[in-house]
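Q: Build me a model from this:
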Amino acid sequence: MEIQIQTSHVHPSEKLIQFVEERVQKLEKLYRGAIKATIFLKTENAHKHKNKTVEILIHGSGKDLFASSKSNKFEMSVADTVAALRKQIQKVKS
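A: So this is what the prediction gives:
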């Protein structure tokens, strides 16, 4: 699966990029029809809590899946978004 990371108002570290890629690649094992994943990392209203937004769009051979999450850390937003996508994948499989 091809993984593309796009950012808005954020300069992610290599550690964060690696974390995102590892988490998203685990989804590929569950969703064999996954062709491409586009991940959006955004920081909005820097003075507010829960300003780290992660959106993940997975293009599949049968159906596209999308989820997003906000928190005060990108890692938490990634984990929440991946968990939401896992639920969607399970629904698609059944």
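Q: Give me the below-cutoff pLDDT ranges for this structure.
A: For the chain, the stretches flagged by pLDDT under 70 are 46-47, 94.
Q: Could you pull out the buried residues of the longest helix along it?
A: In the chain, with assignment by DSSP state H, the single longest helix is helix 74-93. Neighbour-count burial for helix 74-93, counted by 16 or more other Cβ atoms under 10 Å, picks out 74, 77-82, 84-86, 88-89. To be clear about C-beta, it is placed using only N, CA and C from the backbone, and glycine gets the same treatment.
Q: In space, not sequence, find me the middle residue of this structure.
A: With distances taken as Cα atoms, centre = their mean, the residue of the chain nearest its centroid is residue 56 (3.6 Å).
Q: What strand or helix carries that residue?
A: Assigned by DSSP states H and E, residue 56 falls within strand 52-60.
Q: So which residues make contact with stretch 21-37?
A: Around stretch 21-37, the neighbours that count as contacts under Cβ atoms under 8 Å, 6 or more residues apart in numbering are 1-5, 39, 56-63, 65, 78-79, 82, 85-86, 89-90, 92-93.
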